[in-house]
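**Q** show me how the following folds:
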Amino acid sequence: MALTKNKIVERVNELGFTKKKSVDIVESLLEIIKNSLESGEDVLVSGFGKFCVKKKATRRGRNPATGDDLILDERNVVTFKCSGKLRDSINK
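**A** Below you'll find the model as predicted:
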């Protein structure tokens, strides 16, 4: 099962914050991360990992349903690379 935003809010709430304050904290954190990525900045969380925005060039693709060739426009994608500490703790 996935960790949802609601579950994160509940865990922050367990730290002693009110429900409203917990929602505000989580929403603010996610907004900061989103705004940083939108402006092209990397987001580095020590001990967790790094979110980066990478450019994907225009390329040829194929519609799998019809088999038609098409051109995929250039776009930005968000990538995540986990830290060595996180990788080690996952693989214990």
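
**Q** from what I can see residue 68 touches residue 62, true?
**A** Yes. Applying CB atoms under 8 Å, one finds residue 68 in contact with residue 62, separated by 7.0 Å. C-beta: built from backbone N, CA, C; applies to glycine.

**Q** what is the helix ranked longest in the chain packed up against?
**A** The longest helix of the chain (DSSP state H) is helix 19-38. When contacts are defined as 3 or more CB pairs under 8 Å, 6 or more residues apart in numbering; DSSP states H and E, helix 19-38 sits against helix 5-13, strand 43-45, strand 49-56.

**Q** and it, which residues are buried?
**A** Within helix 19-38, the residues that qualify as buried are 22-23, 25-26, 37, counting by 16 or more other CB atoms under 10 Å.

**Q** could you give the angle of it to helix 5-13?
**A** Put simply, helix 19-38 runs at 120 degrees to helix 5-13, going by axes from the mean of the first three to the mean of the last three CA atoms, to 10 degrees.

**Q** and for helix 19-38, what are the contacting residues?
**A** Residues outside helix 19-38 that contact it (CB atoms under 8 Å, 6 or more residues apart in numbering): 5, 8-10, 12-13, 17, 42-43, 51, 53, 78.
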